[in-house]
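S.K.: Just the structure for this:
(one chain, ligands or ions: 1)
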Amino acid sequence: MADQNLSLKELSQTIAVQTDILTNALSQHGEPNPSFNVAGPSTYPFIPEVQAARSILVECASKLLQLANGPEDFIVKSSLQHRYNFVVMAALVRYKILETVPLDGSISYADLAAKVGLPENRIFRFLRYARALHLFYEPKPGFVAHTSFSAAAVKKRTLQAFMTFGHEQTSNVNRKIFEVLEKYGDSQSIEETAIFAAYDIERGQTFWDFCETDGEGDKKGWRMRMAADCLEAGSSAPTFSDSHVHAVMDWDSLGDATIVDVGGNSGHTSIALAKGHLQLKIIVQDLPGPREAFEKLITDELRSRVTFQAHSFFEPQPVREADVYFLRVILHDWPDKSAIDIVRQLVEVMKPTSRITLMESIVPESDENMPSTVMHLISALDIEMMTNFNSKERTMQQWCDLMKAADKRLVLKSVGQSPGSALTGLVFGFE
Ligand SMILES: C[S@@+](CC[C@H](N)C(=O)[O-])C[C@H]1O[C@@H](n2cnc3c(N)ncnc32)[C@H](O)[C@@H]1O
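M.R.: Reported below is the predicted structural model:
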C-alpha cells in the first residue's frame, strides 16, 4: 500500500506514463476518452489494459492529491467537506434536480427552483456544492447544466439509489455505532447492531426481513427495492461489475450445468452469466421481495434458462445436486455462526462434484499486497458489515476456515479474478 518514501515527482511521473497507456489503449479500441462533457462516457470499457492502467492511475492520483494537500489540510478538509457529500447527493435525488436539469442545454436557477418547488437560494447553494464535485456546471451566470458525472445518474437511474443510501446510512445508522459498541462490545449477534438500534428492528427478524416489510401501503418494501437498485447499479460500475463473474471459474467446462444463485436478488449477475454461457440453467433464489426487480430485468430470450425462486437460505435447499451453488457477496453479510448455517443447507444437498462458489472481497494479510484505494473500499464494506450485521470482510484464511467449520470436507479448489474487480471467486468442493 503506501510506500512511505514516494515523492510528488515519482507519483506524477507514474501518472504521466499510465495516462499515456490508458489514452492510447482507449484510442486503439475506438473508445472515447474520459471527459466532464455531458456527452462523455459514463464508465470505462472492460479492456484489461485499460482497467489495469486506470487502477494504477487512481491509486497514484489519490496519493498525489493527499501529498499535495499535506497532513493538516488533509485532516481539516476531509472532515469538513465529506460529511456534506451525502446530503447534497440525497438532495439532488429527493428534489428530482437530476431529472429537471435537461440533458441537452441548460436551465436557469429560477426556473429550476420553480419546477422542483424549493427556494432558489437553497437550490443554488446545493448546486454550488455539487458543481465543486463536477456534478453539474454553469455554462453562463445564473444557469446550470449537466456534466457527464451528473448525467450518468439520469442515464442509469439505479445509481440514484446509491446517492440516497449514503445519506440514509450516515444520518440514521452511523449515529448509533458508538452507543452499540459501548453496550455490546465485540458482539456476534445479528441483533446487537447499529442498524437494529437505528430502526428499532423487531428481535427475531433479520435486517433483510425488515427491508422486505418496512413501510406502509405502496411504500412497503421500499428498502428492498432501494437495495435492489443499489446492487444493480453497483454491478455495472467497473469495480463490482457483473462482467467479472465470467472469470471466477471455468463455467464452460461444466457443460449443461445447473447453477443456483443463492441470494441472487434481482438476478443481475445471473443474467450476465447466462448471456456469456449459453449452456447454463440458472435458478435465482432470494426472499420474495426481489422478484419484482427480477421481472423488470429478465428478457424473454432468457426466461427459459434463468428463473426466480423465493426461498430463504436458512431453510432446506430445494434444488438438490446442482452443479454450482453461487453466492455473490452473501456470506460477508453474516457473522460466522449464521454463515455456517447457510453453507450447511447447501452441503446437505450437494453431490460429490457440486461446487460452492463464493464471490467476495478478500482482505489481504498485509497492507503491502493491496493498493490503498482498494483497501479503502474493502474497509468501507467491512465497517458497513460491522455496523449492519456484526459481520466482517474476511481474509483468504478466514474464508477457508469458515467453509471447513461448516463441513470439514470442504476445500478450496480454485481462485479466479479479473483485473479491476474488487471481488474474487473462491470455488469450494469436497476433498
Ligand atoms: C448483499 S446482497 C447480495 C445480492 C446479490 N448476490 C448481488 O451480488 O447483488 C444480499 C442478498 O441476500 C438476500 N437475503 C437476505 N436474507 C436472505 C434469506 N434468508 N434467504 C435468501 N436471501 C436472502 C437479500 O435479499 C439480498 O438480495
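S.K.: Run the chain-centre distance for the top helix by length along the chain.
M.R.: The longest helix of the chain (DSSP state H) is helix 71-94. Mean C-alpha position of helix 71-94 versus that of the full chain (CA atoms, centre = their mean, to the nearest Å) differs by 20 Å.
S.K.: The residue nearest to Glu393 when sequence neighbours are not counted - how many residues pack around it?
M.R.: Nearest in space to Glu393, with sequence neighbours left out and distances taken as CB to CB, 6 or more residues apart in numbering, is Asp382 at 4.1 Å. Every residue, glycine included, has its C-beta placed from N, CA and C. Residues lying near Asp382 (other CB atoms under 10 Å) number 18.
S.K.: which SS class is Asp382?
M.R.: helix (DSSP: H, G, I helix; E, B strand; the rest coil).
S.K.: Which pLDDT does the model give it?
M.R.: Listed pLDDT for Asp382 reads 96.
S.K.: State the distance from it to Gly185.
M.R.: Distance of Asp382 to Gly185, given as CB to CB, to the nearest Å: 18 Å.
S.K.: ok, and the closest non-adjacent residue to the residue most central in space within the chain?
M.R.: The chain has Gly234 as the residue nearest its centroid, 4.2 Å off, counting by CA atoms, centre = their mean. The shortest distance from Gly234 to any non-neighbouring residue, by CB to CB, 6+ apart, is to Phe240 (4.6 Å).
S.K.: contacting residues around that neighbour?
M.R.: When contacts are counted by CB atoms under 8 Å, 6 or more residues apart in numbering, Phe240 touches 234, 421-423.
S.K.: Can you list which of those residues are found in helices?
M.R.: Cross-referencing the contacts of Phe240 against helices under DSSP H gives Gly234.
S.K.: Kindly indicate which of the contacts of Phe240 lies nearest the ligand.
M.R.: The ligand lies nearest to Gly234 out of the contacts of Phe240, by CB to the nearest ligand atom, at 7.4 Å.
S.K.: Go ahead and confirm that closest one touches Phe165.
M.R.: No - the pair Gly234 / Phe165 is not scored as a contact, 10.0 Å apart, by CB atoms under 8 Å.
S.K.: Can you dump the C-alpha atoms of stretch 297-307 in PDB for me?
M.R.: In PDB, the C-alpha atoms belonging to stretch 297-307 read as follows (Å, rounded to 0.1, in the frame of the first residue of the first chain):
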ATOM      1  CA  LEU A 297     -34.600  -7.300 -15.800                       C
ATOM      2  CA  ILE A 298     -35.300 -10.600 -17.300                       C
ATOM      3  CA  THR A 299     -35.700 -10.800 -21.100                       C
ATOM      4  CA  ASP A 300     -37.900 -13.200 -23.000                       C
ATOM      5  CA  GLU A 301     -35.000 -15.000 -24.600                       C
ATOM      6  CA  LEU A 302     -33.500 -15.800 -21.100                       C
ATOM      7  CA  ARG A 303     -36.700 -16.800 -19.400                       C
ATOM      8  CA  SER A 304     -36.300 -20.500 -20.200                       C
ATOM      9  CA  ARG A 305     -32.800 -20.600 -18.700                       C
ATOM     10  CA  VAL A 306     -33.000 -18.000 -15.800                       C
ATOM     11  CA  THR A 307     -35.800 -18.400 -13.300                       C
END
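S.K.: I'd like the mean pLDDT over it, please.
M.R.: For stretch 297-307, mean pLDDT rounds to 97.
S.K.: pLDDT score assigned to Leu331?
M.R.: Per-residue pLDDT puts Leu331 at 98.
S.K.: Spit out the contact partners of it.
M.R.: With contacts defined as CB under 8 Å, 6+ apart, Leu331 is in contact with 339, 342-343, 358, 360, 402.
S.K.: mind checking how far it is from the ligand?
M.R.: Per CB to the nearest ligand atom, to the nearest Å, Leu331 is found 10 Å from the ligand.
S.K.: same check, this time on Ser372
M.R.: To the ligand, Ser372 is 24 Å away according to CB to the nearest ligand atom.
S.K.: Ok, Pro139 next?
M.R.: Pro139 sits 38 Å away from the ligand, going by CB to the nearest ligand atom.
S.K.: do Thr164 as well
M.R.: From Thr164 across to the ligand, the span is 17 Å (CB to the nearest ligand atom).
S.K.: Which secondary structure state does that residue sit in?
M.R.: Recorded secondary structure, Thr164: helix (three-state DSSP).
S.K.: Gly289 is in contact with Met226, isn't it?
M.R.: No - look at Gly289 against Met226 with CB under 8 Å: they stay out of range, at 10.9 Å.
S.K.: Between those two, point out the one with more neighbours.
M.R.: Gly289 (22 against 18).
S.K.: Stretch 420-428: how far from the chain's middle?
M.R.: Distance, centroid of stretch 420-428 to centroid of chain: 14 Å (CA atoms, centre = their mean).
S.K.: and for that stretch, what are the contacting residues?
M.R.: Residues from elsewhere that reach stretch 420-428, judged by CB under 8 Å, 6+ apart: 46, 51-52, 54-55, 238-241, 244-245, 247-249, 328-329, 355-362, 374, 377-378, 396, 399, 403, 410-417.
S.K.: PyMOL command to pick out the buried ones of those?
M.R.: To isolate the buried members of the contacts of stretch 420-428 in PyMOL, using 16 or more other CB atoms under 10 Å:
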select buried, resi 51+52+54+55+238+239+240+241+244+245+247+248+249+328+329+355+356+357+358+359+360+361+362+374+377+378+399+403+410+416+417
